[in-house]
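[1] how would this look folded up:
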Amino acid sequence: MPLNTVPALLKKANDSLHAARLLAGEGLFDFATGRACFAMHYVAEAFLLTLRLSVLDPEGVADAFGQRFAHTGVLPPIFHRWLVEAKELGRRAEYETDTGITADIVAEQLDRARAFYALGREELSDATK
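    Here you go, the predicted model:
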C-alpha cells in the first residue's frame, strides 16, 4: 500500500469537500457532515506528515494535531476545536439515526472544512512541491 503524502492528502481533502457540497445540495445532511469531517481529518493528517508523524489510529489524528500544532501555537487553536467537533458530529452522523443535523449545521461544517483546507494549502505549499 502506498504511503500517504501531503499532496495526496490535500487532494483527498479537496475531493471530500467537493463530495460534502454535493451531498448537502441533495439534502443528505448526515453524509455531507461525514465528508466535511474527513476533509478536515485529511488536512490534519497532512500537517502531521510534515513532522514525519504517521498516526495509525484515525482517532489519534485529532489528538496529535492538537498537541503538535494547536497547543503549541503553531496554528490557531480554533482549527483543533473544529476538528474535534467535526469528529463528534461525524460519529453521530455515521452511527445514529436521529442525529438532528440540519442544513445550518452542515453549512457551518462546510465553512469550517473550507477554511481548514485553505489553511492546509497555504501552510503546506512547500510540502506539496
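
[2] Now residue 85: which helix or strand?
    helix 78-95 (DSSP states H and E).

[3] OK, contacts around the residue positioned nearest the centre of the chain?
    In the chain, the residue lying closest to the centroid (CA atoms, centre = their mean) is residue 40, at 1.0 Å. Applying CB atoms under 8 Å, 6 or more residues apart in numbering to residue 40 gives the contacts 13, 82, 83, 86, 112, 113, 116, 117. Quick note: C-beta positions are derived from backbone N, CA and C, even for glycine.

[4] Apart from its neighbours in sequence, what residue is nearest it?
    Take residue 40 and drop its neighbours on the chain: the residue closest to it by CB to CB, 6 or more residues apart in numbering is residue 116, 4.5 Å away.

[5] for the helix or strand containing that neighbour, packing partners?
    In this assignment (DSSP H and E), residue 116 forms part of helix 103-123. Here helix 103-123 touches helix 6-25, helix 29-49, helix 78-95, going by 3 or more CB pairs under 8 Å, 6 or more residues apart in numbering; DSSP states H and E.

[6] what inclination does it have with respect to helix 78-95?
    Helix 103-123 runs at 130 degrees relative to helix 78-95, counting by axes from the mean of the first three to the mean of the last three CA atoms, to 10 degrees.
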